[in-house]
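Peer 1: coordinates only, sequence not included:
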């Protein structure tokens, strides 16, 4: 065998699957769905805690709602950021957030 024949024999053609990238996306999608399903319990707990805390920020009277943007408990301050109101723009149409509780956030 000559050198050239040895080199050609050693180099076998490699065939790449053109669908590898797409298959990887589907695998990632399945992994994400499994992770989301695993976290659904946390979303339910988050909603429950938010419902318990909302009366501290929003008071309902016969003819109006009073929203406290910030409350102080001891030395700590907590802020409520509503998604339906912006100080610059006023009332806003519904804004979809990537959150289980879409009224606002408490920080």
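Peer 2: Okay, I see it. Note that this is a predicted model, so its numbers are computed, not measured.
Peer 1: Nearest residue to residue 70 in space, ignoring adjacent ones along the chain?
Peer 2: residue 79 (5.0 Å; C-beta to C-beta, 6 or more residues apart in numbering). To be clear about C-beta, it is placed using only N, CA and C from the backbone, and glycine gets the same treatment.
Peer 1: Reduced to three states, what does the one you found come out as?
Peer 2: Using DSSP: H, G, I helix; E, B strand; the rest coil, the structure places residue 79 in strand.
Peer 1: who touches residue 103 in this structure?
Peer 2: Applying C-beta atoms under 8 Å, 6 or more residues apart in numbering to residue 103 gives the contacts 50, 54, 82-84.
Peer 1: which of those residues sit farthest apart?
Peer 2: Greatest spatial distance among these (C-beta to C-beta): 50 and 84, at 14.7 Å.
Peer 1: Would you map the helices across the protein?
Peer 2: Under the criterion DSSP state H, the chain contains helices at 3-10, 20-57.
Peer 1: Return the set of buried residues in the last one.
Peer 2: Across helix 20-57, burial judged by 16 or more other C-beta atoms under 10 Å covers 50, 57.
Peer 1: Could you list every helix and strand in contact with that helix?
Peer 2: strand 104-106 (3 or more C-beta pairs under 8 Å, 6 or more residues apart in numbering; DSSP states H and E).
Peer 1: and if we set it to 10 Å?
Peer 2: strand 65-67, strand 70-73, strand 76-82, strand 104-106 (3 or more C-beta pairs under 10 Å, 6 or more residues apart in numbering; DSSP states H and E).
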